[in-house]
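**Q** coordinates for the following, if possible.
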Amino acid sequence: MSELAWKPFYCINVPEIDEQHQKLVEMINQLARSIDKGIVNDEMGKVLIQLVDYTQYHFKTEEKVMEQIGYAGLGEQKNLHREFIRQLAVIIKKVRDGQNLNVFDLMGFLQNWLINHIVNKDMNIGKAYQAKKVQPAIK
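**A** Have a look, this model is predicted:
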């Protein structure tokens, strides 16, 4: 199973969020390694639950940053975050119920969602954050 390589291009220049994105990449890669070892149901379920927990923590951090900078796309981001968590919950339920999952589809979904979300949505947060950060004080 191919792992996702972190690239500097994925940095949105909000240090805390960039660190969390890298952690999410590592967690997805951990899942890929467990699949490679053939440890699918038990290990996969545990890693998915950890991924959901950390993702929720990450989304709260992102949303807090967006609130702090008055980010116009906050509502859309919250909706995207909730939908992703909902999709992960469906996947975890399937694993718990012993349903067969195509692990390649699962990995493709996780990798694509994260990178597309970073590049197409979170980059805008980084731009807005940097614009607020460098604004000179009005005298």
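
**Q** what residues of stretch 11-21 count as buried?
**A** Neighbour counts over stretch 11-21 (16 or more other CB atoms under 10 Å) mark 11-12, 14, 17-18, 20-21 as buried. To be clear about C-beta, it is placed using only N, CA and C from the backbone, and glycine gets the same treatment.

**Q** would a markdown table of these with distance to residue 113, pLDDT and secondary structure be doable?
**A** Output for these, formatted as a markdown table (distance: CB to CB, whole Å; pLDDT from 0 to 100; DSSP: H, G, I helix; E, B strand; the rest coil):
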| residue | distance to residue 113 | pLDDT | secondary structure |
| --- | --- | --- | --- |
| 11 | 18 | 97 | coil |
| 12 | 16 | 97 | coil |
| 14 | 19 | 95 | coil |
| 17 | 16 | 97 | helix |
| 18 | 18 | 97 | helix |
| 20 | 15 | 97 | helix |
| 21 | 12 | 97 | helix |
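
**Q** those: which two are farthest apart?
**A** 11 and 20 (11.7 Å; CB to CB).

**Q** quick one, what contacts the residue nearest to the spatial centre of the chain?
**A** Central residue of the chain (CA atoms, centre = their mean): residue 114, 4.8 Å from the mean position. Applying CB atoms under 8 Å, 6 or more residues apart in numbering, we find residue 114 in contact with 4, 21, 24-25, 28.

**Q** quick one: classify it as helix, strand or coil.
**A** The three-state label given to residue 114 by DSSP: H, G, I helix; E, B strand; the rest coil is helix.

**Q** just give me the neighbour total for the closest residue to residue 113 other than its chain neighbours.
**A** Spatially, and ignoring its direct neighbours in sequence, residue 113 is nearest to residue 84 (6.2 Å; CB to CB, 6 or more residues apart in numbering). Residues near residue 84, counting by other CB atoms under 10 Å, number 19.

**Q** residue 84: which element?
**A** helix 74-96 (DSSP states H and E).

**Q** what comes into contact with that helix?
**A** Contacts for helix 74-96 (CB under 8 Å, 6+ apart): 41, 44-45, 48-49, 51-52, 55-56, 59, 62-63, 66-67, 71, 101, 106, 109, 113, 117, 121, 125.
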